[in-house]
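>>> I'd like to go over a predicted model; first the sequence, then the structure.
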Amino acid sequence: MGQVLNVQALEGDEVDGWLPLVRDKDVWPLQQRFNELLQATAFKVGDAYIHVPVEDFGAEDFRDRGHFSASGSDKFAHSLATAVKRECR
C-alpha cells in the first residue's frame, strides 16, 4: 500500500523542514511516483498491492500534511479492511 497525503495542504512553493529541498506542490507528484514504483515491485514479486485513492480524502481527514485525523483514520481503516478482505480470499 502506498502513502496517502493531504494534497490540499501541499499546493504552495514553500519548502517545509520535513522534506528539505522539495516544494510543497512537488511532494504529492513525488509520492505518487514512489507509490507507482511500490506497486510495480509488488506485482513483480507476486505480492498484493492495495490502492487507497487519495481522492477519497479531504483536508478534514488530516491533522497536517500526512497524519490522519480521527475521521481520516476511520475512513482509511474501512477502505483498507475492504481491500484486505478482497485480497485474502
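Sure, I can see it.

>>> quick one, helices of this protein?
24-44, 70-87 (DSSP state H).

>>> so for G17, which of those helices sits nearest?
Across the helices of the chain, G17 has its closest neighbour in helix 24-44 (11.8 Å, CB to CB). Backbone N, C-alpha and C define where each C-beta goes, glycine included.

>>> show me what that closest one is packed up against.
Using 3 or more CB pairs under 8 Å, 6 or more residues apart in numbering; DSSP states H and E as the contact test, no helix or strand touches helix 24-44.

>>> pull out the buried positions in stretch 70-80.
Within stretch 70-80, the residues scored as buried using 16 or more other CB atoms under 10 Å are G72, K75, F76, S79.

>>> biggest separation within those, which pair?
So, the buried residues of stretch 70-80 by CB to CB: farthest apart are G72 and S79, at 10.4 Å.

>>> just to revisit the earlier point, go through the helices of the chain and find the least confident stretch.
When the helices of the chain are ranked by mean pLDDT, helix 70-87 comes last with a mean of 92.

>>> who are the packing partners of it?
By 3+ CB pairs under 8 Å, 6+ apart, helix 70-87 packs against no helix or strand.

>>> what sits up against that helix?
Identification of contacts with helix 70-87 by CB atoms under 8 Å, 6 or more residues apart in numbering yields M1, V4, A48, I50, H51, V52, D56, F57, E60, D61, F62, F68.

>>> surely the last one is in contact with A59?
No - the criterion here is CB atoms under 8 Å, and F68 misses it with A59 at 11.6 Å.
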